[in-house]
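Peer 1: Here is the input, now give the coordinates:
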Amino acid sequence: MRTALFPRMAALVLATGTAVTVMAACSSSDSGNSASGSVTISVNCQPPTSDPIDRKAFNDDIAIFEKAHPNIHIQPKDEFPCDDPKTFDAKLAGGQMENVFYVYYTDVAHVISEGQAADINSDVSGVKGLGDIQTSTLGVFKGPNGHLYGLPKTNYSMGLLYNRALFTQAGLDPNSPPATWDDVRTDAKKIAALGNGIVGYADYSASNQGGWHFTAELYSQGGSMVSSNGKEAAFNDAAGKAVLTNLQQMRWTDNSMGTKQLLTIPDVQAMMGAGKLGMYVAAPDNLPTLVKQYQGSYNNLAIAPMPGDHATLLGGDGYMFNVKDTPAQIQAGIQWLQFENLTPGAGQFNYQRSAANGSPVGLPEPDLWKGSTATADDQAKAKYANVPSQNDQDFITAMKTKQGKIEPVDAQQIYSVLDGVMSAVLTNQGANIDQLLSDASTKVNSLLANQ
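Peer 2: Model prediction:
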């Protein structure tokens, strides 16, 4: 799922004494290298000034890296959020991407198909721990030829975020969250019975977020959004019907979802932070948002695996390399990404620094590793943990074995269609689920045929 950003485009020219490094534009491949062997690379997604803690950490990391690699200069691009679906394609087609540029998982295949990403397959042999990156995560950045075109930064899996305090008040065990969608329905009804405006379960149904959650819930029921070749809708089946039937029953039969609908992320987060919501589907990154922006408490919040034994929707982000980059720029970019995003104890995994500056340590993100690197990361995280990570242990354990599936092709357009389905079920008691799924399938088939 992607949110809007405010991009700033700039041409940059740098001169460094006798070793002149010229970068006529952020995407220029025949610039950035000087006769003395130094190289400059532009990298976007520098945290904004409105986030001073993360910005300082990012800038400090650049200084640490450049001191260890005096021949490499990192030119950060203050652009956050970092990937605007309204401008991304135009920037890509215009050759305006940075040397090392940020992407969501859902953009990767398109960037490769457009021929705008450099093949880095022969350049990553020296990346320490590459083999311990989760297979499904690294696979996102592989092209049809099996070659690697980028490296991940974060990986998330959807789960069931819940309020432990409300579970206790409702007579439920906060250490035994719902394991099936039938359990979710039963527990939501008990939580809603507390009254005082408390809602048992909430879901999105607007701004493409309804379609996003439909996808997550469909995967958990064993379904798929599109066919294996990406040419046809695949959600008009028993799994799709199970998703909507469950929501319809909770909304209209159990009255456990409240009367206010057409909800989006801020609505639901505000309810959870205020202690008025029992459960909703989310990724772990919601936890710090609930605490920082909505006065939630880590002690009262927890995330469990998605209900059911099927797949969970995964997503995330990473970086790719401009197809115009020189070999030296690609090598420099790989070294920077390894330091900042893929080294336990450094960059984003510098838990000692995070704990010292008050950032949460112990949450189940970023979920990148397997094998010995995962063990080392878990141990380092536990050493500096400042949040009750035991609340999320079931989620952490499940993510090591549960199958992950990425978002469908043309995700945002498909989600827009499914928004209508979700909103109809949650606002119209007499909504015909079979008809809604059939109509949505027809629309998505037409959309996919025109791509």
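Peer 1: SS state for the residue sitting nearest the centre point of the chain?
Peer 2: Using Cα atoms, centre = their mean, the residue of the chain that lies closest to the mean C-alpha position is G316, 3.4 Å off. Under DSSP: H, G, I helix; E, B strand; the rest coil, G316 falls in the strand class.
Peer 1: Skipping its backbone neighbours, what lies nearest it in space?
Peer 2: What sits nearest to G316 in space, not counting adjacent residues and going by Cβ to Cβ, 6 or more residues apart in numbering, is N155, at 4.1 Å. Quick note: C-beta positions are derived from backbone N, CA and C, even for glycine.
Peer 1: Just want to check the distance between that neighbour and L313.
Peer 2: When Cβ to Cβ, to the nearest Å is the yardstick, N155 and L313 sit 12 Å from each other.
Peer 1: ditto for G95
Peer 2: G95 is 32 Å from L313, where distance means Cβ to Cβ.
Peer 1: Neighbour count: those two, which is higher?
Peer 2: Counting neighbours by other Cβ atoms under 10 Å for G95 and for L313 shows that L313 has the greater number, 26 against 15.
Peer 1: host element of the more buried one?
Peer 2: L313 is part of strand 312-321, with elements assigned from DSSP states H and E.
Peer 1: Just give me the neighbour total for I414.
Peer 2: In terms of burial, I414 registers 26 neighbours under the definition other Cβ under 10 Å.
Peer 1: For it, grab phi and psi.
Peer 2: Taking degrees, to the nearest 10, you get phi -70, psi -40 for the backbone angles of I414.
Peer 1: Within its sheet, name the partner strands of the strand holding L313 and how each one runs.
Peer 2: According to DSSP bridges, strand 312-321 forms sheet pairs with strand 100-104 (antiparallel), strand 150-157 (antiparallel), strand 404-405 (parallel).
Peer 1: Format those strands as a markdown table; extra columns: distance to L138 and mean neighbour count.
Peer 2: Converted to a markdown table, the strands paired with strand 312-321 look like this (distance: least, Cβ to Cβ, whole Å; neighbours: other Cβ atoms under 10 Å):
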| stretch | distance to L138 | mean neighbour count |
| --- | --- | --- |
| strand 100-104 | 14 | 26 |
| strand 150-157 | 7 | 24 |
| strand 404-405 | 12 | 22 |
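Peer 1: does K383 really touch S354, like I thought?
Peer 2: No: K383 lies out of contact with S354 (Cβ atoms under 8 Å); the separation is 11.7 Å.
Peer 1: more crowded one of these two?
Peer 2: Each of K383 and S354 had its neighbours counted (other Cβ under 10 Å), and the higher figure belongs to S354 (20 against 12).
Peer 1: List the contacts of the one helix or strand the more buried one maps to.
Peer 2: Element membership of S354 [criterion: DSSP H and E] is helix 351-356. Among residues not part of helix 351-356, those counted as contacts by Cβ atoms under 8 Å, 6 or more residues apart in numbering are A57, G345, P360, V361, A380, K381, K383, Y384, A385, N386.
Peer 1: Let me have the residues you listed in CSV, adding secondary structure, pLDDT and distance to V199 as columns.
Peer 2: Conversion of the contacts of helix 351-356 to CSV gives the following (DSSP: H, G, I helix; E, B strand; the rest coil; pLDDT from 0 to 100; distance: Cβ to Cβ, whole Å):
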residue, secondary structure, pLDDT, distance to V199
A57, helix, 95, 37
G345, coil, 91, 42
P360, coil, 93, 26
V361, coil, 95, 31
A380, helix, 91, 38
K381, helix, 92, 32
K383, helix, 95, 38
Y384, helix, 96, 35
A385, coil, 95, 31
N386, coil, 95, 30
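Peer 1: ok, of those, which come out buried?
Peer 2: Buried residues within these, defined by neighbour count using 16 or more other Cβ atoms under 10 Å: A57, P360, V361, A380, K381, A385.
Peer 1: Would you confirm that the second one contacts N386?
Peer 2: Yes: at 6.5 Å, P360 counts as touching N386 under the criterion of Cβ under 8 Å.
Peer 1: if we can go back for a sec, will you turn the contacts of helix 351-356 into JSON lines that also has distance to Q249?
Peer 2: Written out in JSON lines, the entries for the contacts of helix 351-356 read as follows (distance: Cβ to Cβ, whole Å):
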{"residue": "A57", "distance to Q249": "46"}
{"residue": "G345", "distance to Q249": "48"}
{"residue": "P360", "distance to Q249": "36"}
{"residue": "V361", "distance to Q249": "40"}
{"residue": "A380", "distance to Q249": "44"}
{"residue": "K381", "distance to Q249": "39"}
{"residue": "K383", "distance to Q249": "45"}
{"residue": "Y384", "distance to Q249": "44"}
{"residue": "A385", "distance to Q249": "39"}
{"residue": "N386", "distance to Q249": "40"}
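Peer 1: So which of the residues you listed is the closest to S423?
Peer 2: The shortest separation between S423 and any of these is 33.5 Å, and it belongs to P360 (by Cβ to Cβ).
Peer 1: residues contacting the closest one?
Peer 2: By Cβ under 8 Å, 6+ apart, P360 lies in contact with L287, P288, V291, Y298, S354, N386, V387.
Peer 1: can I get these in TSV with distance to K189 and secondary structure?
Peer 2: What follows is the contacts of P360, written out as TSV (distance: Cβ to Cβ, whole Å; DSSP: H, G, I helix; E, B strand; the rest coil):
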residue	distance to K189	secondary structure
L287	25	helix
P288	30	helix
V291	28	helix
Y298	27	coil
S354	39	helix
N386	35	coil
V387	30	coil
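Peer 1: which of those count as buried?
Peer 2: Among those, those scoring as buried are L287, P288, V291, Y298, S354, V387 (criterion: 16+ other Cβ under 10 Å).
Peer 1: Would you format the residues you listed as CSV with pLDDT and distance to G197 included?
Peer 2: Formatted as CSV, the entries for those read as follows, by pLDDT from 0 to 100; distance: Cβ to Cβ, whole Å:
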residue, pLDDT, distance to G197
L287, 96, 23
P288, 93, 25
V291, 94, 21
Y298, 96, 23
S354, 95, 36
V387, 94, 28
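Peer 1: Which element is encountered next along the chain beyond the particular helix or strand that has T168 in it?
Peer 2: Under DSSP H and E, the secondary-structure element containing T168 is helix 164-169. Sequence order places helix 181-192 as the next helix or strand after helix 164-169, per DSSP H and E.
Peer 1: what comes into contact with that next one?
Peer 2: Everything outside helix 181-192 that qualifies as a contact, by Cβ under 8 Å, 6+ apart, is 160, 166-167, 169-172, 178, 198-201, 217, 220-221, 242, 246, 249-250, 254-258, 278-279, 307-308.
Peer 1: Can you get me the start-to-end distance on stretch 139-159?
Peer 2: Across its full length, stretch 139-159 reaches 22 Å between end residues, using Cα to Cα, to the nearest Å.
Peer 1: That stretch - what's its average pLDDT?
Peer 2: Mean per-residue pLDDT for stretch 139-159: 95.
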